[in-house]
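Participant: structure here, sequence nowhere to be found:
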Ligand SMILES: Cc1ncc(COP(=O)(O)O)c(C=O)c1O
């Protein structure tokens, strides 16, 4: 068991008050007031027009693909470096992923995406067709990993022209913004639909949970409809589509409403943790902390330790030192095009992911991290650095 955890949830006493309110009043299902309150909080914070609170971030991604009306065998551009959820939903919808490489932040490489669209697809009858497979490329899922926003400004108008919908996976980037035309826009509000996760390890949590945010009324209506069993007549039980029981329940939503009250406090502490790591580690010879991209504001969800001159064995050796000292660290996700069920799908010029994967470690970054424990993490990194020099 680790003593220093990667990312614990942080609660204040307000959550207990709200949860007991749900239980005392009997409003525990998906119909309670807190669900609407959480959706309003999201709308106010992100400045999106609409929001639907759902039972997970994965559900948000799945219903987003359904809302943009993907068809079986459509192709969806995805990053190989991400938690597997945005890839799995492509398969839930009987579509095919096209795997893309990553940039230095671990995010999808937008210049390669642009090249792929321009060189490997043709635009015919309102569709972008993959020249090789003759299938329609209907969407791209942009995942803002570790809280760092993807700079996808250069493909927004291209995707519009080519009728390729943009789904933003903002599961890890609530509180992160991209600068566009002198304006700060919240991640998830720039593409067609944004997806958020409130899982226990995220910056705000409802235990398990998620949401979509969008400025498009049709997508909002479609996701609201599908997530509540597609009821045309709720009294006589007439259903116009295959619906889902996918809304967030009131108890979980009540936790989320309390979490929003302490969001600024959480963001502030996370910035302090990031700055602390930067100052202590970036003067070392063999390591550095990944700095936030200049074009954005990051929520500093997870801090990444970058290893200079690394290989797989070296990475494993360093992970072991942390584990032996009861510090929970993680390598980044196993590249998804190498996962058992994903090997048969198209990949486009993947040559950065391997180096990124073997040279990156996620460090403990949660709100509850004490300065004493932060110091311990830094001490271990410093010790390894000394031994390697
Ligand atoms: C990038 C990313 N996408 C999607 C998800 C899925 O969210 P959930 O666990 O709420 O289904 C997660 C995390 O869990 C994630 O990190």
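Facilitator: It's in. Every value quoted in this text rests on a predicted model; they were computed, and no experiment measured them.

Participant: quick one, grab the pLDDT at residue 117.
Facilitator: Note for residue 117: predicted pLDDT of 98.

Participant: before we move on, what SS does residue 76 have?
Facilitator: strand (DSSP: H, G, I helix; E, B strand; the rest coil).

Participant: show me what it bridges to in the sheet.
Facilitator: Going by DSSP bridges, residue 76 is paired in beta bridges with residue 97, residue 139.

Participant: show the model's pLDDT score for residue 160.
Facilitator: For residue 160, the pLDDT comes out at 98.

Participant: for it, pull up the helix or strand it's in.
Facilitator: helix 153-161 (DSSP states H and E).

Participant: how about residues contacting that helix?
Facilitator: 110-111, 113-114, 117-118, 123, 140, 164-166, 178, 180, 190-191 (Cβ atoms under 8 Å, 6 or more residues apart in numbering). Glycine gets a C-beta too; all of them are placed from N, C-alpha and C.

Participant: which of those residues are buried? Put it as a ChimeraX command.
Facilitator: The buried subset of the contacts of helix 153-161, as determined by 16 or more other Cβ atoms under 10 Å, is captured in ChimeraX by this line:
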select :110,113,117,140,164,165,166,178,190,191
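
Participant: pick out the lowest-pLDDT one from the contacts of helix 153-161.
Facilitator: Within these, lowest confidence goes to residue 180 (91).

Participant: can you count the residues close to the nearest residue to that residue once chain neighbours are set aside?
Facilitator: Counting by Cβ to Cβ, 6 or more residues apart in numbering, residue 180 lies nearest to residue 153, which is 6.1 Å off, once chain neighbours are set aside. Residue 153 has 14 neighbours, counted by other Cβ atoms under 10 Å.

Participant: about what we covered before: which parts of the helix holding residue 160 are buried?
Facilitator: So, applying 16+ other Cβ under 10 Å, buried residues of helix 153-161: 155, 159.

Participant: and it, how far out from the chain's middle?
Facilitator: Centroid separation between helix 153-161 and its chain, computed with Cα atoms, centre = their mean, to the nearest Å, is 21 Å.

Participant: picking up where we left off before, the contacts of helix 153-161: which two are farthest apart?
Facilitator: Greatest spatial distance among those (Cβ to Cβ): 123 and 178, at 26.4 Å.

Participant: how does this protein divide into domains?
Facilitator: Domain assignment for the chain, taken from automatic domain parsing, gives 14-261, 263-388.

Participant: in JSON lines: those, plus distance to the ligand.
Facilitator: Output for those, formatted as JSON lines (distance: least, Cβ to the nearest ligand atom, whole Å):
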{"stretch": "domain 14-261", "distance to the ligand": "3"}
{"stretch": "domain 263-388", "distance to the ligand": "9"}
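
Participant: ranking those by burial, who's on top?
Facilitator: Most buried of those by mean neighbour count (mean count of other Cβ atoms under 10 Å) is domain 14-261; its value is a mean of 20.

Participant: tell me the first helix or strand C-terminal of the helix holding residue 160.
Facilitator: Per DSSP H and E, the first helix or strand lying C-terminal to helix 153-161 is strand 165-169.

Participant: list the strands paired with that following strand, with their directions.
Facilitator: Strand 165-169 is paired, per DSSP bridges, with strand 137-143 (parallel), strand 193-197 (parallel).

Participant: what pLDDT does the residue nearest the centre of the chain get?
Facilitator: For the chain, residue 171 is the residue whose C-alpha lies nearest the centre (Cα atoms, centre = their mean; 3.0 Å). pLDDT for residue 171: 98.

Participant: cool, residue 181 as well?
Facilitator: 85.

Participant: which residues does the residue sitting furthest away from the middle of the chain contact?
Facilitator: Taking Cα atoms, centre = their mean as the measure, the residue most remote from the mean C-alpha position of the chain is residue 236, 38.6 Å away. Residues near residue 236 by Cβ under 8 Å, 6+ apart: none.

Participant: check whether it sits in a helix, strand or coil.
Facilitator: Applying three-state DSSP: residue 236 is coil.

Participant: hang on, the earlier thing: so of the contacts of helix 153-161, which ones are in strands?
Facilitator: 123, 140, 165-166, 178, 180 (DSSP state E).

Participant: quick revisit: could you dump the strands paired with strand 165-169 into a markdown table with distance to residue 261 added?
Facilitator: Formatted as a markdown table, the strands paired with strand 165-169 follow (distance: least, Cβ to Cβ, whole Å):
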| stretch | distance to residue 261 |
| --- | --- |
| strand 137-143 | 28 |
| strand 193-197 | 17 |
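
Participant: coming back round to it: looking at the contacts of helix 153-161, spot the one nearest residue 252.
Facilitator: The nearest member of these to residue 252, counting by Cβ to Cβ, is residue 191 at 25.8 Å.

Participant: wait, the closest one touches residue 143, no?
Facilitator: No - taking contacts as Cβ atoms under 8 Å, residue 191 lies outside contact range of residue 143: 11.4 Å.

Participant: ok, which stretches of the protein are helices?
Facilitator: 14-25, 33-46, 57-67, 85-92, 110-120, 153-161, 217-227, 250-261, 263-281, 312-324, 353-358, 371-388 (DSSP state H).

Participant: would a markdown table of those with distance to residue 4 be doable?
Facilitator: Output for the helices of the chain, formatted as a markdown table (distance: least, Cβ to Cβ, whole Å):
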| stretch | distance to residue 4 |
| --- | --- |
| helix 14-25 | 24 |
| helix 33-46 | 30 |
| helix 57-67 | 26 |
| helix 85-92 | 26 |
| helix 110-120 | 35 |
| helix 153-161 | 38 |
| helix 217-227 | 38 |
| helix 250-261 | 23 |
| helix 263-281 | 12 |
| helix 312-324 | 9 |
| helix 353-358 | 23 |
| helix 371-388 | 5 |
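
Participant: among the ones you listed, which is nearest residue 102?
Facilitator: Nearest of those (Cβ to Cβ): helix 353-358, 5.5 Å.

Participant: what is the closest one packed up against?
Facilitator: helix 312-324 (3 or more Cβ pairs under 8 Å, 6 or more residues apart in numbering; DSSP states H and E).
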